[in-house]
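Novice: starting from these lines, generate the structure:
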Amino acid sequence: WAAARRVAEADQVSFNPLFLYGGVGLGKTHLMHAIAHHIRERSPERSVLYLSAEKFMYRFIRALRGQDTMSFKEQFRSVDVLMIDDVQFIAGKDATQEEFFHTFNALVDQGSQIVISADKSPSDLEGIEERLRSRMACGLVADIHATTYELRLGILQSKAEQMGALVPQKVMEFLAHKITSNVRELEGALNRVVAHSQLVGRAITLETTQEVLHDLLRASDRRITIEEIQKKVAEHFTIKLAEMSSARRSRQVARPRQIAMYLAKQLTSRSLPEIGRKFGGRDHTTVMHAVKKVEELKECDHNFAEDVELLRRMLQG
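Specialist: All right, here's what the predicted structure looks like:
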C-alpha cells in the first residue's frame, strides 16, 4: 500500500517498475486500479494505460497482422503511466516479450512510470527471458502476502457493515477461520450467506452458514493432503514418517497408520485405492479395514476417540 501510494503521488519516478506479486485474490489488480484513479484525480493531464498482459499480446498480434506496428508502438510509448497486469501470461511468447522489452526500455528512458503485476516474483517467473526478468526486478518488488486471520475478520466486519447486514460474530469468526485462500472467495462466501438469509427470510446462524456454503467448505477441507496427514500423525505418535509406508505390523506402527488412513478417508476426496497407494502400495481392502477398526475403537475407547479428534482439528486448522 505504501509503495502504491508513493507511485501514485510522486511527481517524479522514484522506482521503475513497481512490481507487485502475490496469489490470486489478494488485491494486486485492486491496488493497480487505485494507483490509476489517484493519478487521474491528482493530475488529470497525465495519461494512464492499464491492461492485462494477455490484451497487450492480442493487440501486438493484431498490429503485426495488419502491418501497423508503428501505431502500436506510438500508443504504448506515449503514455505517462503503463500498467500491465498478470505479466506471467506472456511466458513462452517470445515475440511479445521482445516487444514488451523494447516498450519497457523506451518508457524508462523517457521517465514514464511502469507498474507490473504477476503471481510470482521476477526471479521465479518461468518462460520469461533473463534480460526482461532482470529489468522487472530493477525497481521495487513488493510481495503481497496472504491474509492473516485478524485481517480476514476485519474485512468481513467491514463488508457486513457496508451491506447493512446483521451477521453474528460467531459466523464471521467461522468464515475467517475456514476460508483462508483469498479475499475474493471470502467476500463471495459472505455475499452468499447474506443473500440466502434475505431470500428465505431466515436469520444468519452457524448452521445456515454451513448449509449454504457446504460446497465451498468441503473444497477448502479437501485441500488437506495425505502427505500432511501422514506427517502430523507420525509426529503425534513419535514414529518415523517412513513407517506410514513400511511393511512393519507392530501395533505401535500399525495403529497410527490406521488412524492416518482413516483421516485420509475423512478429510480428503481421495478414493480408497488412491489412499492405499500412498501407504506403501496397500490394497483398498486394507484401507477399508483401517477405517472400520478406527471407528470401532472410537466407540469403545474414550482416550483414543479424543486423540483422533485432536488430530482432525489440528489438520483442519
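
Novice: give me the low-pLDDT residue ranges for this protein?
Specialist: Within the chain, the segments meeting pLDDT under 70 span 219-222, 317.

Novice: where do the strands sit along it?
Specialist: Using DSSP state E, the strands found in the chain span residues 18-21, 48-52, 81-85, 113-118, 140-143.

Novice: list of residues touching the last one?
Specialist: Strand 140-143 has contacts (Cβ atoms under 8 Å, 6 or more residues apart in numbering) with Ala3, Phe15, Pro17, Leu18, Phe19, Leu20, Tyr21, Gly22, Ser121, Pro122. Just so you know, the C-beta spots here come from the backbone N, C-alpha and C atoms, and that holds for glycine as well.

Novice: at 7 Å what do you get?
Specialist: If you take Cβ atoms under 7 Å, 6 or more residues apart in numbering as the criterion, strand 140-143 is touched by Ala3, Phe15, Leu18, Phe19, Leu20, Tyr21, Gly22, Ser121, Pro122.

Novice: try stretch 188-203
Specialist: By Cβ under 7 Å, 6+ apart, stretch 188-203 touches 156, 159-160, 163, 165, 175, 179, 204, 208-209, 212-213, 216.

Novice: between the contacts of strand 140-143, which sits nearest Phe89?
Specialist: Tyr21 (13.5 Å; Cβ to Cβ).

Novice: residue contacts, that closest one?
Specialist: Applying Cβ under 7 Å, 6+ apart, the residues near Tyr21 are Ser117, Ala118, Asp119, Lys120, Ser121, Asp143, Ile144.

Novice: please apply the same query to His284.
Specialist: Contacts of His284 by Cβ under 7 Å, 6+ apart are Leu272, Pro273, Gly276.

Novice: export the residues you listed to CSV and append columns for neighbour count and distance to Ala189.
Specialist: Output for these, formatted as CSV (neighbours: other Cβ atoms under 10 Å; distance: Cβ to Cβ, whole Å):
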residue, neighbour count, distance to Ala189
Leu272, 19, 31
Pro273, 12, 33
Gly276, 21, 34
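
Novice: mind checking which of those are in helices?
Specialist: Of those, the ones assigned to helices by DSSP state H are Leu272, Pro273, Gly276.

Novice: and Glu99, how many neighbours?
Specialist: By the measure other Cβ atoms under 10 Å, the count of residues near Glu99 is 23.

Novice: again, but for Ile275
Specialist: Using other Cβ under 10 Å: Ile275 sits among 25 other residues.

Novice: hmm, it is touching Met288, no?
Specialist: No. Using Cβ atoms under 7 Å, Ile275 is not in contact with Met288, being 9.8 Å away.

Novice: returning to that earlier point: out of the contacts of Tyr21, who's nearest Val294?
Specialist: Among the contacts of Tyr21, Asp119 lies closest to Val294 (Cβ to Cβ), at 39.6 Å.

Novice: who's the nearest residue to His33 once chain neighbours are set aside bridged to?
Specialist: Nearest residue to His33, sequence neighbours excluded (Cβ to Cβ, 6 or more residues apart in numbering): Tyr50, at 7.3 Å. Residues in a beta bridge with Tyr50, per DSSP bridges, are Met83.

Novice: tell me the contacts of Tyr50?
Specialist: Met32, Ala36, Met83.

Novice: residue boundaries of the helices in the stretch 51-200 of the chain?
Specialist: Per DSSP state H, counting those that start in this stretch, the stretch 51-200 of the chain carries helices over the ranges 53-65, 69-77, 94-109, 130-136, 149-163, 169-178, 183-200.
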